[in-house]
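>>> Please find the sequence and the predicted model below.
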Amino acid sequence: MAFGSRAVNPYLLVVGLSLGFAIGFLAFKFRLSGHRRTPWLAEFHIFLPTATVPTQDDVMDRLIRSNPFKPGGKPAIVPLDGLFFSDVRLNISVATRERNPNAFLWRGYTEPLRPEIEKSLVDAERFVIARYASEKPMKDLRYLHFLLHLCAAYLELGNGSCVYDAVSERFWSRNELTEFLATTLDSSTEEAHIWRGWTEGETGGWYATRGLRKVGQWDLATPTSPRDHEFLITQLMTELVSKVWQERTMPEKLQLEAYGDQFFVSIWPRKRENLVRIMRAQEKTAP
């Protein structure tokens, strides 16, 4: 038996294709937006040359009762901060050179190391890992302030000489951290916890950040741009990073001003990174 064929309604075809594209676009956008959601994460490695690690009781005493840091005469750590020790989001563990030899090799780090940091890694026998991770947004950044003071306590009690910030991928020497905490009442600032800057490439350069996961956001990076755009991009990105850090959200687009001109900035989510595109706003002219 033969069956007759029916003509396809062009209207229905267009509607079907449009609906398909819309669903696909929304699914793609939803997938990308999922990359924006990341746990609030901070992790520090405190390198120690000693065979033993300071006990938690000793560290707590050094932090709360005998903390030497009192910028402006005010205690940097108060008794309420001791609650972080019982916080399930804080995890403290120890890695040894015997079981983790690659972690002590400076060639595995992002930036070239200073001689004093290289020596610290050579002398170290183990490092304490202080990791704080929260699936939900934090109400403030006090946890970052606490973690830096925790690092300083371990350095002093364990005679350590450097700390590696595994999220912003940079080192603090013991002297640098001590001087910073001695003069800073609030050490949860973006300057203390984010690496950001311009990186030179073969055909230009780009601006990028490391450390925004501490406020629950993926880091930012611009496409490769001409070298003579460095100062402009740096100024615009500095303002954008400060806005993200203070508001703890990632905008999709915004308008910024630099050198008397207006610029449109759009943020495009990518896997574990946000691509930042910058365009100069063109003034409308009369016809």
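Done, it's in.
>>> And A124, how far from P137?
Using C-beta to C-beta, to the nearest Å, A124 is found at 34 Å from P137. For every residue, glycine as well, the C-beta is placed using N, CA and C.
>>> higher neighbour count, the two?
Neighbour comparison, A124 and P137: the larger count goes to A124, with 22 against 11 (by other C-beta atoms under 10 Å).
>>> contacting residues for the more buried one?
Applying C-beta atoms under 8 Å, 6 or more residues apart in numbering, we find A124 in contact with F47, L48, P49, R97, F104, G160.
>>> again, but for F263
Counting by C-beta under 8 Å, 6+ apart, F263 touches L236, Q255, L256, E257, I278, M279, R280, A281.
>>> Which residue in the contacts of A124 has the weakest pLDDT?
Minimum pLDDT for these is recorded at F104 (78).
>>> Pretty sure that one sits against R97.
Yes. If you go by C-beta atoms under 8 Å, F104 and R97 touch, sitting 5.5 Å apart.
>>> Pick out whichever of these two has more residues nearby.
F104 (19 against 15).
>>> From L90, how far out is that one?
Counting by C-beta to C-beta, the gap from F104 to L90 is 24 Å.
>>> low pLDDT regions in the protein?
1-37, 106-110, 283-287 (pLDDT under 70).
>>> Give the closest residue to D81 in space, chain neighbours not counted.
Among residues not flanking D81 along the chain, F146 sits closest, at 5.3 Å (C-beta to C-beta, 6 or more residues apart in numbering).
>>> Now list the buried members of the contacts of F263.
By neighbour count, with 16 or more other C-beta atoms under 10 Å, the contacts of F263 hold L236, L256, I278 as buried.
>>> list the contacts for the first one?
If I follow you right, that is L236. L256, A258, F263, V265, I278.
>>> Inside helices: which ones of those residues?
Taking DSSP state H, every one of these sits outside helices.
>>> And these, which two are furthest apart?
A258 and V265 (10.4 Å; C-beta to C-beta).
>>> More neighbours: the two, which one.
Between A258 and V265, counting by other C-beta under 10 Å, V265 is the more crowded of the two (20 against 17).
>>> so who does the more buried one touch?
With C-beta under 8 Å, 6+ apart, V265 has these contacts: L236, L240, K253, L254, Q255, L256, V276, R277, I278.
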